[in-house]
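Asks: Predicted model and sequence follow; I will ask about them next.
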Protein chains: 2
Amino acid sequence: MKIDILSSQGGVSGLSGAPRRQTVRDLRLPGLPVHAPPPGNDSWGKARMMSNITNYLQYLKINAMTANDRIEEEIMSENDLIIFLERLAQAVAPAPILVGDEIPESSLHDWSAEVGGRPLALVAPPDTERVASVLRLCHEVGVPVVPQGGRSGLAGGAVASEGAVLLSLAAMNRIEEIDTASGLMVVEAGCVLQTLQEAAVAHGRSFQLDLGARGSAQIGGNIATNAGGNRVIRYGMARDLVLGLEVVLADGTVLSMLNRMPKNNAALDLKHLFIGSEGTLGVVTRAVLRLHPGVGGANAALVALAGFDQAAGLLAHAQKSLSGRVTAFELMWADYYRAVLAETGRRPPLAQGHPLYALIEMQGANPDHDRDDFQSMLESAFEEGLVIDAALAMSGREVEDFWSLRDGVAEILSRWATTINFDVSVPLARIGDCVGTIRAALAARFPDLQFIFFGHAGDSNIHLVAGPIEQVDPTGHGIEAIVYDIIRDFGGSVSAEHGIGLHKKPWLSYSRTAEELDLLRRMKAMLDPKGILNPGKVI
Amino acid sequence: MKIDILSSQGGVSGLSGAPRRQTVRDLRLPGLPVHAPPPGNDSWGKARMMSNITNYLQYLKINAMTANDRIEEEIMSENDLIIFLERLAQAVAPAPILVGDEIPESSLHDWSAEVGGRPLALVAPPDTERVASVLRLCHEVGVPVVPQGGRSGLAGGAVASEGAVLLSLAAMNRIEEIDTASGLMVVEAGCVLQTLQEAAVAHGRSFQLDLGARGSAQIGGNIATNAGGNRVIRYGMARDLVLGLEVVLADGTVLSMLNRMPKNNAALDLKHLFIGSEGTLGVVTRAVLRLHPGVGGANAALVALAGFDQAAGLLAHAQKSLSGRVTAFELMWADYYRAVLAETGRRPPLAQGHPLYALIEMQGANPDHDRDDFQSMLESAFEEGLVIDAALAMSGREVEDFWSLRDGVAEILSRWATTINFDVSVPLARIGDCVGTIRAALAARFPDLQFIFFGHAGDSNIHLVAGPIEQVDPTGHGIEAIVYDIIRDFGGSVSAEHGIGLHKKPWLSYSRTAEELDLLRRMKAMLDPKGILNPGKVI
């Protein structure tokens, strides 16, 4: 059964979007302190290493399963495995490698419920050179590699594969440079998103990628998955915040594309081959990120709307009258608004009973000064009949209160578990119809199922949570089939922002043509001819 | 000698950036009225066609040159050529084909001075299906194809190749749909940029790609070259305004990627393989373009600055205090300001003698309302010592007057002809040093050369015009070597926005690594294994 844990995409408040497995959040691999070799010793700890490999082989035998048998007997002999692991240890030395039960259980998953295979080893190289050495070796031998960032993905893109080397970027977590005059920072892939946000603020700038997993997600993973989040309407996806990239290809070639200019048309911009490739075409090791001006705060309002057409009208009105300063436009349908109030016990800023609610936010350097513009926008929206009722935040605290309604999805998820969660997009004008169609179809087929609709509607992105599913559709497949059929009919995408990974692989053809899938396969064959990079993911 | 004709990148006022060959601008191929066949007749005009081919062969003989001999004798026999042209005519029927001296001389060039070869034929298919038929045929036979839009490019990317079929997109010029609620329009590749801008305005929205060639450039060419222009600082390059694309591959496969959502992470976003590929990897036939809110007008100021550090400080200050509403930040160094006043006879809004001048613009829905914010920004810039002097535009007319100073480069180009023009970028913080270094190096080597520096500095883009070159460096190579060496040392790009084409091909390795060039070649071999698409361009 495939169930993802929806990121709450919380805005102003701290970490939200709690994953189902609390333990997954706790994992940190900063130093991988096991097996630290004596410095300068190339044949470090060989005895210890051998002992670990022996333990590992013992472990495989104890846990003998078909897949492991396959590894031991068909793919690699015991002796070859020992040689491979020794060479792997040399490739990352002086950083250690972990094998067998030394690999933390948490390293096997991401925040999805996808189940992968048993890996051969876990390494966390401290620099690009060693990432390249690991890939060169795995390419030579034909061993799969699963690149891992903060493993906060919701599509199973980072779960372990059978017989693979887990390549954690956690040890590459240096901010190399912050160039405020050029509006950029140069960072290693393992930097945690929130750390980068804070570093930008400390330099009087802002880094405008933001999502619920900010405290765990690493920028390399954000780039590899083209992460979306809260402020896409104004600042774009992760792609739009990347000026340059360094990527290691499957064969260990280091591709340096560390461009620092907003404008660079010296031939095709190759970084786009890797942004959103989910680790299947190369491993992101460093990035040049675009900084935006510093932000002083936000104005925000919660408004009640008669329906989706009014919401689309309000969005267009706000974007025009505020000249592109709208930073969020989050829709919550009545079912969501009712559920979040019921599950969290919060006091409703606006009465229940309206068809639709929107949270509008405008960040700016001086939110007190900007309030007049924001209030005028709302007043004229009233005059034009777009808005039924509105609550205007009069302080940063009230802005956070409004966001807590949106972030309350985390509480709904835990109360309703087990749920099935969707991350889809359709052309903005069709969102209202699409939600209505899905709601009617689900209600007809599963009358006892609860569901809520919400999302970053300004970006065409709808989220849907349905549950509990145990009694009505325990595999979730029936619900998926209904939702994705409708999304396909509306010309939408089965993944707006979370990516395909393992979870949505069966549905990819609903949003990509046969010709696109063919080209994706050819790209994969060109860049990774032995198919070692994140095998089985995406396509 | 390679000399490009710099786009003036004019802003508010009408068409500017006059190319050196006036006749090139006049070409239109809306109907290709020659040889219009009787409707419904598949074997239309065969006799006429044959007569033309015979004329063409005669023409080739009259103009017999080595290259033509090669085509006739080595690549294709006279009989094969006739068969090929007949099949080509069938592929585009009922649209005509032009051969020999029927092909307008203007179709051989773009706005650069690059010289190409003699094409076999010119076709302008009216739909994607016929574009695919043409490519399928040319791929089968191995005949080169040069895709052509408005041919306003400045790098030679659209000049004719020897023995090639010129594939004009001019007949695919329909706006298929404008969906204001979703904020998008669906257009064919041959639509002229200015037509799209006007259509967006007529629907209360804006299409925010803008450049000097707006009256000639076609959107397909803008996308194929990832065009930049005047408002990149706020709205990005052409890439950032494209939601979806339809592309025909070299073998005639139609790749439909007509996505309509700002968020779509259903696997790698393949459209980026073609944006900026300059027609070497596929032919853009249709696009889904992103619309922005309508704009009521602009506030603008011309300011005098003590140096580049103050300019960078002013830009950061303006972007922060105006919360991202800055739409242009154009720098003019003292040499440019002096030259434009001298060549145009305009009255200076600010006294000469300052080291640097900047034109700052902020578009908005209500420019009168926005003026207070703009003026406050300037006042605090004065207080912080960033600005020496400033002139604030008090009307739309005055905004245009300021832009006319920037657009005046067209007059400098014609007075100084023959000039050599550069379109480079370096990291924003290094622009001041880079300009100083280039100026000193050129002055030392060519004491009699005049040069002016200006550019879209907010995007890291510098333009340099040097001339007249006849007496000092008639090939331009000496000047190019000096400038591009320095650009390489500063980690910059040899092409910020114009692309590589033929013109900058010798310098591409200054801005791309050997690994990038290798990957570009592999991409090319994968997507166009027979090398028929725009051969000899870019790499």
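Replies: Structure received. Since this is a predicted model, take the numbers as computed values, not measurements. Numbering: from 1, shown residues only, chains lettered A, B, ... in the order given.

Asks: Burial check on the residue in the stretch 51-200 of chain A positioned nearest to chain B, number of neighbours?
Replies: Chain B sits closest to A:Ala181 of the stretch 51-200 of chain A, with a gap of 3.6 Å, by CB to the nearest CB. All C-beta atoms are positioned from the backbone trio N, CA, C, and that covers glycine. The tally of other residues near A:Ala181 (other CB atoms under 10 Å in any protein chain shown) stands at 17.

Asks: Surely it is in contact with B:Leu428?
Replies: Yes. The criterion here is CB atoms under 8 Å, and A:Ala181 meets it with B:Leu428 at 6.4 Å.

Asks: what do the two both touch?
Replies: Between them, A:Ala181 and B:Leu428 share these contacting residues under CB atoms under 8 Å, 6 or more residues apart in numbering or on different chains: B:Ala312.

Asks: Next one: the residue of the stretch 51-200 of chain A closest to chain B from B:Leu378, what distance?
Replies: Look at A:Ala181 and B:Leu378: by CB to CB, to the nearest Å, they are 20 Å apart.

Asks: What is the burial count for A:Gly353?
Replies: Residues near A:Gly353, counting by other CB under 10 Å: 11.

Asks: Now it: closest residue in space, sequence neighbours ignored.
Replies: A:Ala334 (7.4 Å; CB to CB, 6 or more residues apart in numbering or on different chains).

Asks: and that neighbour, what does it touch?
Replies: A:352-357.

Asks: From those residues, pick the one nearest chain B.
Replies: A:Leu356 (15.3 Å).

Asks: Who does that closest one form a beta bridge with?
Replies: A:Leu356 has these beta-bridge partners by DSSP bridges: A:Leu305, A:Trp333.

Asks: how much space between it and A:Leu273?
Replies: 39 Å.

Asks: and what of A:Val141?
Replies: From A:Val141 to A:Leu273 the distance is 25 Å (CB to CB).

Asks: Looking at those two now, which is surrounded by more residues?
Replies: A:Leu273 (25 against 17).

Asks: For the more buried one, which non-adjacent residue is closest in space?
Replies: Per CB to CB, 6+ apart, closest to A:Leu273 is A:Leu281, 6.0 Å.

Asks: where does the stretch 251-400 of chain A come near chain B, residue by residue?
Replies: A:253-257, A:259-270, A:272-273, A:275-278, A:281, A:292-294, A:312, A:316, A:319-321, A:323-325, A:363-366, A:370 (CB under 8 Å from any CB of the partner chain).

Asks: mind running it again at 6 Å?
Replies: Residues of the stretch 251-400 of chain A lying close to chain B (CB under 6 Å from any CB of the partner chain) are A:253, A:255-256, A:260-270, A:272, A:276-277, A:293-294, A:312, A:319-321, A:323, A:325, A:364-365.

Asks: Those, buried ones only, as a PyMOL selection?
Replies: Here is the PyMOL command that selects the buried residues among those (16 or more other CB atoms under 10 Å in any protein chain shown):
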select buried, chain A and resi 253+255+256+260+261+262+263+264+265+266+267+268+269+270+272+276+277+293+294+312+319+320+321+323+325+364+365
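
Asks: In strands, which of the residues of the stretch 251-400 of chain A next to chain B appear?
Replies: Residues of these located in strands (DSSP state E): A:255-256, A:293, A:364.

Asks: I'd like these written out as TSV, with pLDDT added.
Replies: TSV is the format used below for those (pLDDT from 0 to 100):
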residue	pLDDT
A:Leu255	98
A:Ser256	98
A:Pro293	96
A:Gly364	94
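
Asks: What helices and strands are in contact with the helix or strand harbouring A:Thr285?
Replies: Assessed by DSSP states H and E, A:Thr285 sits inside strand A:283-290. Packing partners of strand A:283-290 (3 or more CB pairs under 6 Å, 6 or more residues apart in numbering or on different chains; DSSP states H and E): strand A:184-188, helix A:219-224, strand A:242-248.

Asks: how far off strand A:184-188 does the longest one point, in degrees?
Replies: Going by axes from the mean of the first three to the mean of the last three CA atoms, to 10 degrees, strand A:242-248 is angled at 20 degrees with respect to strand A:184-188.

Asks: quick one: strand A:242-248 near chain B?
Replies: No. Against chain B, strand A:242-248 shows no contacts by CB under 6 Å from any CB, the least distance being 9.3 Å.
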